[in-house]
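**Q** Quick one, structure for this:
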Amino acid sequence: MSEIVDLLAELVSIPSVNASDCAQLEPRHGEQRIAEFVCNYLSGHGIDARLQEWQPGRPNVVARVPGATSGPVLVMQTHLDTVSVDDMTIEPFEPNVTDGRVWGRGSCDAKAQVAGMMTALIAVAAGPPPPQDCLLVVVSDEEYGHGGVIRYLEDAPEIAGAIVGEPTSLKVVVAHKGALRPRLITRGLSAHSSDPANGVNAIYKMARLISVLDDYSQELSTREPHPLVDGPTLSVGTVHGGTAVNVVPDSCEALVDRRLIPGEEIDAVWDEIKTALDAGAPEGLDYEMEGTIRDCPVETDDQHPVVLRAQAAARAVHGDDALRGVPYGSDASQFQEAGVPVVLCGAGDIAQAHTADEWVAIDQVEMVAELYEAFLRG
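**A** Below is the predicted model of the structure:
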């Protein structure tokens, strides 16, 4: 196996399941072990690398290669954490290298990008100084709340541009959707189900709100789509209410996923959802609406230097410099909010991310390291 495949296999073998929403932590949760591995590996190759604390046991890794001139830095960024391994059909942390693929949790999303960026940074450090300081930022908590990248950006140096590593099949992505996830709560009054008139059914109240959201979702589908990411969407993802079948439920919660397209503003969309609910729900139906995730959509000018630089790297490595958009979100939303021009590019297909048999093609892993190196060298 090549050195980068060995590195990727090592990364996959280190469990790093996101722990943000876990009631009980297990050894497979958290990013401490993999962060220490990445930091030590880079330091062993002469790279200035350090851990940046975010939460206990959940650090980022920040590594730097000095450039020929001072000024704004160039950033490669990706993430250490993975989604859950529940219901996987392969061994999640025993990387299997067969059929031109590396299999295992995180192989595609996003440890292929971690391996590619580490390899690229080491290669750049071994040659003549790049035009400007190059940073590798590998963060925790991308899969839940973007806590790691938010912590990094709090006191980051001035950034000329960033490339975020996500599975894009090596294509350069300049736009993706944002996400707003309200939690709706309805309250009722519990009673014995043998005489439900003595209570107020919170699930029935939620059902009426969900009907309103269904109509709102249908209206969204008629709006003008964005040329790269298609149109805005809404989906009710979870509904939880009640304690037993023979008890009238006194509370109900629903989580709503509203995807924003470039040009939409988070606050305006929040108000739009609230207006739709207030207008469509029966008079007097009370509810609460809380925010969870608020990620802005991403769009970078196709003539910005960071885009042209990424295009040139893609053209040199595999010949396809066309610009794309994707419907999913990423840490790029936080760079966008911080005013940093950003693109996405990485090995693997998003269709393989988070799957029961996650894998990434070895040829793409090798090419993405070349692409990242070309991006840094400019």
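**Q** lowest-confidence helix or strand of this structure?
**A** Least confident helix or strand, the chain: strand 288-295 with a mean of 91, by mean pLDDT, DSSP states H and E.
**Q** just checking, next helix/strand downstream of that strand?
**A** Proceeding N to C from strand 288-295, the next assigned helix or strand is strand 298-299, under DSSP states H and E.
**Q** other SSEs contacting that following strand?
**A** Where contact means 3 or more CB pairs under 8 Å, 6 or more residues apart in numbering; DSSP states H and E, strand 298-299 is packed against strand 172-176, helix 332-337. Heads up, the C-betas are built off the backbone N, CA and C, glycines and all.
**Q** Quick one: the helices in the stretch 251-378 of the chain, in order.
**A** Along the stretch 251-378 of the chain, the segments classed as helices by DSSP state H, counting those that start in this stretch run 266-280, 305-317, 332-337, 362-377.
**Q** May I have stretch 255-266 exported as PDB, CA atoms only?
**A** The C-alpha trace of stretch 255-266 is given here as PDB (Å, rounded to 0.1, in the frame of the first residue of the first chain):
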ATOM      1  CA  LEU A 255     -37.600  19.100  14.800                       C
ATOM      2  CA  VAL A 256     -37.800  20.900  11.500                       C
ATOM      3  CA  ASP A 257     -35.100  21.100   8.800                       C
ATOM      4  CA  ARG A 258     -35.300  24.100   6.500                       C
ATOM      5  CA  ARG A 259     -32.500  24.300   3.900                       C
ATOM      6  CA  LEU A 260     -31.600  27.800   2.600                       C
ATOM      7  CA  ILE A 261     -30.200  28.700  -0.800                       C
ATOM      8  CA  PRO A 262     -27.700  31.400  -1.300                       C
ATOM      9  CA  GLY A 263     -29.400  34.800  -1.100                       C
ATOM     10  CA  GLU A 264     -31.700  33.700   1.800                       C
ATOM     11  CA  GLU A 265     -31.000  35.200   5.300                       C
ATOM     12  CA  ILE A 266     -31.300  33.100   8.400                       C
END
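**Q** which regions of the stretch 1-150 of the chain lie under the pLDDT threshold?
**A** 1, 21-25 (pLDDT under 70).
**Q** how about the strands in it?
**A** 48-55, 58-65, 69-79, 96-98, 101-103, 132-139 (DSSP state E, counting those that start in this stretch).
**Q** Can you tell me which of those strands is nearest to M88?
**A** Minimum separation from M88 across the strands of the stretch 1-150 of the chain (CB to CB) falls at strand 101-103, 10.1 Å.
**Q** Report the buried residues of the closest one.
**A** Across strand 101-103, burial judged by 16 or more other CB atoms under 10 Å covers R101, V102, W103.
**Q** Grab the nearest non-local neighbour of the first one.
**A** Counting by CB to CB, 6 or more residues apart in numbering, R101 lies nearest to W359, which is 4.4 Å off, once chain neighbours are set aside.
**Q** For burial, what's the neighbour tally of the one you found?
**A** Per other CB atoms under 10 Å, the neighbour tally for W359 reads 23.
**Q** likewise L136?
**A** 27.
**Q** ok now do the residue nearest to it when sequence neighbours are not counted, which residues does it touch?
**A** Take L136 and drop its neighbours on the chain: the residue closest to it by CB to CB, 6+ apart is A63, 4.4 Å away. Residues counted as contacts of A63 (CB atoms under 8 Å, 6 or more residues apart in numbering) are C39, L42, I47, D48, A49, R50, L121, L135, L136, V137.
**Q** ok, so of these, who is nearest E94?
**A** Of all these, E94 sits closest to C39, with 23.8 Å by CB to CB.
**Q** That closest one: neighbouring residues, count only.
**A** So C39, with other CB under 10 Å, has 21 neighbours.
**Q** Then C296?
**A** Neighbours of C296 under the rule other CB under 10 Å: 20.
**Q** how close does it get to C345?
**A** 20 Å (CB to CB, to the nearest Å).
**Q** Only alpha carbons, please: show stretch 41-53 as PDB.
**A** C-alpha atoms of stretch 41-53 as PDB (Å, rounded to 0.1, in the frame of the first residue of the first chain):
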ATOM      1  CA  TYR A  41       2.400  12.600  13.100                       C
ATOM      2  CA  LEU A  42       2.800  16.200  11.700                       C
ATOM      3  CA  SER A  43       5.300  17.100  14.400                       C
ATOM      4  CA  GLY A  44       7.200  13.900  13.600                       C
ATOM      5  CA  HIS A  45       7.600  15.300  10.000                       C
ATOM      6  CA  GLY A  46       8.900  18.600  11.200                       C
ATOM      7  CA  ILE A  47       5.700  20.500  11.100                       C
ATOM      8  CA  ASP A  48       4.700  23.100  13.700                       C
ATOM      9  CA  ALA A  49       1.500  21.500  15.000                       C
ATOM     10  CA  ARG A  50      -0.400  22.100  18.200                       C
ATOM     11  CA  LEU A  51      -3.700  21.100  19.900                       C
ATOM     12  CA  GLN A  52      -6.300  23.800  20.300                       C
ATOM     13  CA  GLU A  53      -8.700  23.100  23.100                       C
END
